[in-house]
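Just a sequence and a predicted model for now, questions to come.
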Amino acid sequence: MKFRSVSVSATSTPPRVTPPKRFSMRVAEWLLDSPRLGENANVKHLAGRLLKQPAREGVVAAQSRLGQLMCRECGNARDRRIGQDLLRQAARAGDRRAQQELGLIED
């Protein structure tokens, strides 16, 4: 019995497709900016989770929105401190919202 040889491309694992950062950013911003959904604590939690990875990767808008969310909505000091750090990073990068939010917090 003769076996066919399998090509290398068929046996190698396909490259991982990473979801674009912008998609999760857009969904999170839509959730937070929606008048009815943006007030729900569960929606804010979901939006924060969607913003977390882009903020870690250095996306300034994600750092700004997640920092604002953490400073305003989180009940413990550790999360507020992390939020302020994110706002500082975004403010250093030139984000106006982050600069204004930091001005309100530090005054």
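Okay, I see it.

Provide a list of residues in contact with the most centrally placed residue in the chain.
Centroid-nearest residue in the chain, with Cα atoms, centre = their mean: residue 51, separated by 1.5 Å. By Cβ atoms under 8 Å, 6 or more residues apart in numbering, the residues touching residue 51 are 24-25, 28, 62, 65-66, 69. Backbone N, C-alpha and C define where each C-beta goes, glycine included.

quick one: which of those residues has the most company?
Within those, most neighbours by other Cβ atoms under 10 Å means residue 65, with 28 neighbours.

hang on, that residue packs against residue 32?
Yes - between residue 65 and residue 32 there is a contact at 6.8 Å, judged by Cβ atoms under 8 Å.

joint contacts of the two?
By Cβ under 8 Å, 6+ apart, the residues touching both residue 65 and residue 32 are residue 47.

List the contacts of the helix or strand harbouring residue 30.
Here residue 30 is covered by helix 21-33, with elements defined by DSSP states H and E. Helix 21-33 has contacts (Cβ under 8 Å, 6+ apart) with 37-38, 43-44, 46-48, 50-51, 53-54, 57, 59, 61-62, 65, 69.

now the helix or strand residue 62 falls within against helix 21-33, angle please.
In this structure, residue 62 sits in helix 60-73 according to DSSP H and E. For helix 60-73 against helix 21-33, the angle by axes from the mean of the first three to the mean of the last three Cα atoms, to 10 degrees is 30 degrees.
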